[in-house]
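Colleague: heads up, no residue letters with this:
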RNA sequence: GCGACUAUAGUUUAGUGGUAAAACACGGGUUUGUGGUACCUGUGUCACGAGUUCGAUUCUCGUUAGUCGCCCCA
């Protein structure tokens, strides 16, 4: 009576049959370069990433999302089943290859599919619902690089599974909005609903028959898109296409009562909190798993042309079932962090670094250096932002570094000071110097950096 | 995947058919104890490969990479 198990997919007998080849790694005398679309994010740019790494967990924690690490490599079939076979992401942008065992694997092009897989694999349906997860990490798509578009790019995303309440849709949008807002980026949400799969099917039928009557106004490329997925024509940037679409049926007019109610409820929450959004009936998303609410985050002053969405998301009530789990409603969003950084760089006020050195310990000679190192450790343990330049020997260089790093005080320790058991504290702003006994240094420095002191002596710049 | 443009020091740029210049940045120094100014000094196989030429960093072609548009997406 046991249901017949499907025979396990035949293991490919020989690697050769699977097309696995031993790759000879070419020897090159050229200086190595990063591969196309991949790049180093250098220390000068890390200040932006520091803020992102600070704000992302703040937002996630505030809404009770738990962090999850997901593998960068997955079975390629995961994405075919989730993102969709006919999507560009899957059929031409995935980093797919066969590993040495003959398995077809892919660098992840996005994380939602992995989240759904993890939810199923680990029986998260037995946890209190909804399960709220967030992640941050690199994604990979084999695309033509452009500004704000790399083959390795980073996403911050939040996913909520096991609950279909519209309040969660709204809350995800609020989170994405707040993330940008906290970083000082003005954004507007674009919101639409794709309804249930049945609604969507019905609408696509109507849209198709309308577009068929307009075929003569569509160019070859548009016709191709139409053949592949008529919905994709809706967000076309082509003016002619948009002209044709003016009289096209709107999806919002073809939602079932239930879908309409869901959307209205989402919008009411957004209205209540005065979150800026636009209802955009032409917003469709490139991933097949979306149902009901979909949204994107655009820069406040961007139009659709030439501007990239900072992020997007929506509801995917059928995905987990598609992947073999139980029917589980879910929703989520992801933000493109390179694009966030681009926005941060556009700001006129540069972001102040999160670590602001306060004091530099300078030393002259071997014995003073040993004492200076001990002093450095002491101040560090006291929580003072102290820096040093122990590899330098002359005072001039050390003061130069103190100046460039913008510390307020340089503590100078030479043979004379060592002998007297003091340091010379130089105020880098006025040039005033005073001697402080070793034992009092930490206390004195702290005193000078209390808030009252900073208020009375506002920082320069 | 398609189309266009670009490629000279770490960066931004000049320049020339006879093997390169400036500014800024960075390192060192201006008699080994005082920074933000000044002066001196160092740092380039002129992206890579081939062709034309007596000779190419300069002209031509190819490759690679970047930028922009399309496609698509974050």
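Modeller: Sure thing, it's come through. Owing to the predicted nature of the structure, the values given are computational and were not obtained by experimental measurement. Numbering: from 1, shown residues only, chains lettered A, B, ... in the order given.

Colleague: only C-alpha atoms from now on, for both contacts and neighbour counts.
Modeller: OK.

Colleague: gap between whichever residue of the stretch 151-300 of chain A sits closest to RNA strand B and residue A:157?
Modeller: With C-alpha to the nearest atom of the strand as the measure, residue A:286 is the residue of the stretch 151-300 of chain A nearest to RNA strand B, at 2.1 Å. Distance, residue A:286 to residue A:157, by C-alpha to C-alpha, to the nearest Å: 17 Å.

Colleague: ok, residue A:204 next?
Modeller: Using C-alpha to C-alpha, one gets 29 Å for the distance from residue A:204 to residue A:157.

Colleague: what's the answer for residue A:70, then?
Modeller: Plainly put, residue A:70 is 12 Å away from residue A:157 if you go by C-alpha to C-alpha.

Colleague: which of those two has more residues huddled nearby?
Modeller: More crowded of residue A:70 and residue A:157, by other C-alpha atoms under 10 Å: residue A:157, with 25 against 15.

Colleague: contacts for the stretch of helix or strand the more buried one belongs to?
Modeller: Here residue A:157 is covered by strand A:152-161, with elements defined by DSSP states H and E. For strand A:152-161, the surrounding residues in contact (C-alpha atoms under 8 Å, 6 or more residues apart in numbering) are A:37-39, A:56, A:60, A:65, A:112, A:115, A:129-141, A:168, A:172, A:328-338.

Colleague: out of these, which end up buried?
Modeller: Taking 16 or more other C-alpha atoms under 10 Å as the criterion, what is buried in the contacts of strand A:152-161 is A:37, A:56, A:60, A:65, A:112, A:115, A:130-141, A:168, A:172, A:328-338.

Colleague: enumerate every residue touching residue A:417.
Modeller: The neighbourhood of residue A:417, defined by C-alpha under 8 Å, 6+ apart, consists of A:423, A:424.

Colleague: change it to 6 Å
Modeller: The neighbours of residue A:417, taking C-alpha atoms under 6 Å, 6 or more residues apart in numbering as the test, are residue A:423.

Colleague: now do the buried residues in the helix or strand encompassing it.
Modeller: For residue A:417, the host element (DSSP H and E) is helix A:415-420. Under the neighbour-count criterion of 16+ other C-alpha under 10 Å, helix A:415-420 has A:417, A:418 buried.

Colleague: toward the C-terminus from that helix, list the very next helix or strand.
Modeller: Downstream of helix A:415-420, the next assigned helix or strand under DSSP H and E is strand A:422-427.

Colleague: do that next one and RNA strand B meet?
Modeller: Yes: counting by C-alpha under 7 Å from any atom of the strand, RNA strand B is contacted by strand A:422-427 at A:424, A:426, A:427.

Colleague: what's in contact with that strand?
Modeller: The set of residues that contact strand A:422-427 without belonging to it, under C-alpha under 6 Å, 6+ apart, is A:409-413, A:417, A:432-438.

Colleague: try it again with 8 Å
Modeller: Surrounding strand A:422-427, the residues in contact under the criterion C-alpha under 8 Å, 6+ apart are A:408-413, A:417, A:432-438, A:441.

Colleague: centre of the chain versus that strand, how much separation?
Modeller: With C-alpha atoms, centre = their mean, to the nearest Å as the basis, strand A:422-427 stands 44 Å off its chain's centre.
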